[in-house]
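Chemist: kindly return the folded structure for what I paste below:
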Amino acid sequence: MKSNLAFGLALLVLCTFIAGAQPEEAWNRTYGGPGFEWGSSFQETPDGGFIITGSTQPSGEDKNDILLIKTDSKGLELWNVTFGGPECDYASSVQRTNDDGYILAGTKTPGGSDSTDLWLIKTDASGHEAWNRTFGGRSDDQGVAVLETEDGYVTGGSTMSQGNGSWDFWLIRTGPGGEKVWEKTYGGLGRDYLSFILRMEDGGYLLSGTTESYGNDSNNLWLVKVDSRGTELWNKTFDNSLGLGGSVAATGDGGFALVDDIVPGPNMHLERAGRLKKLDSEGNELWNRTFSRSESSYFSQSIQQTRDGGYVMAGTLTSYRDGPKKIGDTTTWGADDNDILVIRTDSRGNELWNLTLGKPKLDDQGAKILETQNGGYAVLCSTESYGSGLKDIWLVKLEENQEVI
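Modeler: Numbering: from 1, shown residues only. Prediction:
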């Protein structure tokens, strides 16, 4: 009996050590030309590779086009395609579709127009365009997310053309060819910006973003739960010191995990911290955890629940090691460098490990993270430290080191 107990305790210690082991970088890749490239969304594909979207600045041109990249399992580029017109266009979301193609949502500026539209693009497996649709009115409209459904797509963003005349959450249901079936707006008299759409097991959707229309402060996080027809079921607001949209993920218990950013103290520069909230299925807070670093600001930008019930988050770590600088009567805190910080927690939000990626330049834009099929992690962002352009898309693959020393 004592022998079995000792063996059980040893196995528990070993499993705990492996679960908490910091991963190592397996490889990193950059994508882009001599100008600016930004990575905004990615997804692992069944072959172990990745589909990536963002924007690219054509050489010598003052505009952006949508960029779609397919890689193999080592991050090596297999192909890339661009979509765009004479003005600035960019993508915010990409999803693989059931026919092995891809669907993109973003924002298009029609030629000769001062306003923007939501842009939906469907491609085949090689990135060739099958069709595209624009949605919008006379004012600005933006696309941020798209999901495939059984018989079409759900897309959305923020609109000034519909709703109350200021920015509102905007949800659009389309058929399989992108034709509009219905649309809904959510918001008040203030500016309300949609950031994420999650599809729930009950067929409804969770909308997440920021609101000036509701809550106690000028900028609050806002969650809106709707049914499959877009009818609002409930909404919740959460105080948010920085007014940023954060990120939300569905959890296995039917609830949600939400990351955002707060200022826990009086110093706006050194005390910006990431915050993880666990919510139940009705949006009620169960617990929260704060993550901060000395002489740095941490902005959480992405979260996913891992297969073991824990969480992995990625965001920007801005360091201020040189301290304040006096310029005339103004004190400034110029950032010394930006890096990507990855944090892994257990199911209760307790930190297991963290990992910093980057060099002493700006590696900071739009850090997105996902757990990969082989148990590692992939991080998408933009970098000035690597690559050959002014800013390139950067993909990093992390693999957990399970070697016990």
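Chemist: and stretch 180-191, C-alpha only, in CSV?
Modeler: The C-alpha trace of stretch 180-191 is given here as CSV (Å, rounded to 0.1, in the frame of the first residue of the first chain):
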residue,chain,number,x,y,z
LYS,A,180,-28.2,38.9,-46.8
VAL,A,181,-31.0,37.0,-44.9
TRP,A,182,-31.3,39.4,-41.9
GLU,A,183,-29.4,42.0,-40.0
LYS,A,184,-29.6,43.3,-36.4
THR,A,185,-28.0,46.2,-34.5
TYR,A,186,-27.4,46.6,-30.8
GLY,A,187,-26.4,49.7,-29.0
GLY,A,188,-27.5,53.1,-27.5
LEU,A,189,-26.7,56.7,-28.2
GLY,A,190,-23.0,56.3,-27.5
ARG,A,191,-20.3,54.6,-29.5
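Chemist: what mean pLDDT would you report for it?
Modeler: Averaged across stretch 180-191, pLDDT comes to 95.
Chemist: number the chain from 385, please
Modeler: From this message on, residue numbering opens at 385, which makes the last subject stretch 564-575.
Chemist: got the contact list for that stretch?
Modeler: Applying CB atoms under 8 Å, 6 or more residues apart in numbering, the external contacts of stretch 564-575 come out as 517, 519, 536, 543, 546-548, 550-559, 576, 591, 595-598, 608, 610, 613-616, 619. Yep, even glycine has a C-beta here, placed from its N, CA and C like the rest.
Chemist: which among the residues you listed end up buried?
Modeler: By neighbour count, with 16 or more other CB atoms under 10 Å, the contacts of stretch 564-575 hold 517, 519, 536, 543, 546-548, 550-558, 576, 591, 595-597, 608, 610, 614, 619 as buried.
Chemist: now, these that are in strands?
Modeler: In strands, defined here by DSSP state E, the members of the buried ones among the contacts of stretch 564-575 are 517, 519, 536, 543, 552-558, 576, 591, 595, 608, 610, 619.
Chemist: residue boundaries of the strands in the stretch 685-789 of the chain?
Modeler: Taking DSSP state E, counting those that start in this stretch to define them, one finds strands in the stretch 685-789 of the chain at 695-703, 709-711, 714-716, 721-729, 735-741, 749-755, 761-767, 776-784.
Chemist: list the buried residues for the last one?
Modeler: Of the residues in strand 776-784, 776-782, 784 count as buried by neighbour count, 16+ other CB under 10 Å.
Chemist: and the furthest pair within those residues?
Modeler: 776 and 784 (26.4 Å; CB to CB).
Chemist: ok, back up a step: out of the strands of the stretch 685-789 of the chain, which gets the lowest mean score?
Modeler: Mean pLDDT per stretch puts strand 714-716 lowest among the strands of the stretch 685-789 of the chain, at a mean of 48.
Chemist: that's a strand at residue 684, yeah?
Modeler: Yes. When DSSP: H, G, I helix; E, B strand; the rest coil is applied, residue 684 is found to be in a strand.
Chemist: and it, what is it in contact with?
Modeler: Counting by CB under 8 Å, 6+ apart, residue 684 makes contact with 630-631, 643-645, 658-660, 675, 697-699.
Chemist: helix or strand next in line after the helix or strand of the chain with the lowest mean pLDDT, which one?
Modeler: Taking mean pLDDT, DSSP states H and E as the measure, helix 386-403 is the helix or strand of the chain with the lowest mean score, a mean of 43. Following helix 386-403 in sequence order, the next helix or strand is strand 407-415 (DSSP states H and E).
Chemist: hmm, back to that, just the buried subset of the contacts of residue 684, written out for PyMOL, thanks.
Modeler: Restricted to buried positions by 16+ other CB under 10 Å, the PyMOL selection for the contacts of residue 684 reads:
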select buried, resi 630+631+643+644+645+658+659+660+675+697+698+699
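Chemist: any chance of the buried residues of strand 776-784 in TSV with distance to residue 446 as columns?
Modeler: As requested, these are arranged in TSV below (distance: CB to CB, whole Å):
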residue	distance to residue 446
776	19
777	20
778	24
779	27
780	30
781	34
782	36
784	44
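Chemist: looking at the residues you listed, which is nearest residue 738?
Modeler: Of all the buried residues of strand 776-784, residue 738 sits closest to residue 782, with 11.9 Å by CB to CB.
Chemist: and residue 489, bridged to which residues?
Modeler: residue 477, residue 504 (DSSP bridges).
Chemist: mind checking how far it is from residue 777?
Modeler: Per CB to CB, to the nearest Å, residue 489 is found 18 Å from residue 777.
Chemist: swap in residue 573?
Modeler: For residue 573, the distance to residue 777 - CB to CB - is 38 Å.
Chemist: now residue 597
Modeler: According to CB to CB, residue 597 and residue 777 sit 35 Å apart.
Chemist: count of neighbours near the residue nearest to residue 486 when sequence neighbours are not counted?
Modeler: Nearest residue to residue 486 in three dimensions, chain neighbours excluded: residue 507, at 4.9 Å (CB to CB, 6 or more residues apart in numbering). By other CB atoms under 10 Å, 21 other residues sit near residue 507.
Chemist: where in this protein is pLDDT low?
Modeler: Applying pLDDT under 70 to the chain flags residues 385-404, 444, 549, 601-602, 624-629, 647-655, 677-682, 703-720, 744-749, 785-789.
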